[in-house]
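Peer 1: The sequence and its predicted three-dimensional model are supplied below.
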Amino acid sequence: MPFRHCGRVCSPWPGVHQQCRRSSHSIGSGSNNKRSRPLVHLSSAPGSKYGGKEIGSPYPIIPHDTSPINSVEDRSIDVPWYARRSISPDDYRYEATAIAALPPEGPNPNHDSARAVGRLAREAMDVALSTMRPGITTDDINAHVFDFIVSRGAYPSLLLYRGFPKSICTSINEVMYLGVPDMRPIEIGDVVSVAIGCYKHGLHAKVCDTVVVQGLDPYETCSTTTLEDSRDERTHRLVQATREALEEAVAVCQAGVKISEIGRTIQSVADRYDYRIVKDWNGHGIGREFECLPQVKHLRNDDTTVLQPDMMLTIEPILVEGHAAHVKWSNGHTVCSVDGGMAAQSGLSLLILDGGAEVVSR
């Protein structure tokens, strides 16, 4: 049965996004301008094509209206450099000099500041998850989180970073990353990945989590009750695998370990569950900058970078149940799976220490 998608009637998955690519219209815009076509990227196994699995949702996520961009009116709040002026894309880059992601004044005060901003990011995530329920919009959740972060004298790191218009990312179902909060009501069964960053004390911290919305309490996703619905079983399994991948990756982190061990560990968990990794999404150094070196690849790689004491970085893998090829929406941010496969993300900020790693945003 055809369904309405992208302002026209398209065929069910996986052909919907392929059809959208071949046509001249833009996802969510109704434009016939060729420059606004969604871009298809084959992010893994390009030789295998991406039409092998027809696993997607019968009602794919499409863009909805959004509210105006929030602004931080409190001048006493310290804001990062990209929030102060109009930024060109060339201003965003991994700085080779920024490998030491913490300021150089000494370990103890900096660690305390990192812990404080990490706790704040976690509390902001708790606000988002406690607000999430069927019928509420992701735009509403964004507003709650923005108010919370600003009330604590901090800045939401994602707001205006690379032009992103909101304070949190909300990626639903087949949306892999950088979902822009909008007016779509959340529905029972939605897989919602939330990413939040905070900036305070001159440092950033970030946290990501995914829940399956079951009822009035999103934390029901942690329930061990046997689920009768096959989609519930499959989405809970995906969320569980993503959390396991993150936790096992954190466990291998300590000073002196090659950063490639993180990717190797995540890949082994993904292989165990038969999921794909979104390789175009990396973890990274974090601290004075929201993104800096080192890049943290989430799949097997040969990076010889060695973790150093006092490094602060994020690990934030995204696993997808289908092919890892993806479509980029015309808003320039949102990316979704090309075959409709569900995606889930888990992420934390951590400090590298001599004897292990300390998670600051748990």
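Peer 2: Received, thanks.
Peer 1: Now do the helices in the protein.
Peer 2: In the chain, the helices defined using DSSP state H lie at 15-22, 107-131, 138-151, 230-251, 260-273.
Peer 1: For the nearest residue to residue 308 once chain neighbours are set aside, give its distance to residue 69.
Peer 2: Of all residues not flanking residue 308 in the chain, residue 255 sits nearest, at 6.0 Å (C-beta to C-beta, 6 or more residues apart in numbering). Just so you know, the C-beta spots here come from the backbone N, C-alpha and C atoms, and that holds for glycine as well. Distance of residue 255 to residue 69, computed by C-beta to C-beta, to the nearest Å: 40 Å.
Peer 1: Backbone torsions only: list them for residue 280.
Peer 2: Here is the backbone geometry of residue 280 (degrees, to the nearest 10): phi -80, psi 0.
Peer 1: State whether it and residue 320 are indeed in contact, as I suppose.
Peer 2: No: Residue 280 is not in contact with residue 320 according to C-beta atoms under 8 Å; the separation is 11.5 Å.
Peer 1: Return, as residue ranges, the portions of the protein with sub-threshold pLDDT.
Peer 2: 1-59, 85-109, 215-231 (pLDDT under 70).
Peer 1: rerun at 90
Peer 2: For the chain, the stretches with pLDDT under 90 are 1-63, 73-75, 84-110, 214-234, 322-327, 330, 338-340, 353-356.
Peer 1: Could you pull up phi and psi at residue 329?
Peer 2: phi -70, psi 160.
Peer 1: Looking at the helices of the chain, spot the one closest to residue 294.
Peer 2: Nearest to residue 294, of all the helices of the chain, is helix 260-273, at 10.1 Å by C-beta to C-beta.
Peer 1: elements contacting that closest one?
Peer 2: Helices and strands touching helix 260-273, by 3 or more C-beta pairs under 8 Å, 6 or more residues apart in numbering; DSSP states H and E, are helix 230-251, strand 276-277.
Peer 1: Output these in a markdown table, with mean neighbour count and distance to residue 191 appended to each entry.
Peer 2: A markdown table is the format used below for the helices and strands packed on helix 260-273 (neighbours: other C-beta atoms under 10 Å; distance: least, C-beta to C-beta, whole Å):
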| stretch | mean neighbour count | distance to residue 191 |
| --- | --- | --- |
| helix 230-251 | 19 | 5 |
| strand 276-277 | 24 | 16 |
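Peer 1: Specify the stretch among the ones you listed that is closest to residue 352.
Peer 2: Nearest of the helices and strands packed on helix 260-273 to residue 352, taken as C-beta to C-beta: helix 230-251 at 10.7 Å.
Peer 1: Now do the closest one and helix 260-273, the angle between them.
Peer 2: 160 degrees (axes from the mean of the first three to the mean of the last three C-alpha atoms, to 10 degrees).
Peer 1: how much distance is there from helix 230-251 to the middle of the chain?
Peer 2: 15 Å (C-alpha atoms, centre = their mean, to the nearest Å).
Peer 1: contacts for that helix?
Peer 2: 189, 191, 210-212, 214, 221, 227, 262, 265-266, 268-270, 272-273, 275, 298, 315-319, 321, 342-348, 350, 357, 359 (C-beta atoms under 8 Å, 6 or more residues apart in numbering).
Peer 1: about what we covered before: of residue 280 and residue 320, which one has the most company?
Peer 2: residue 320 (28 against 16; other C-beta atoms under 10 Å).
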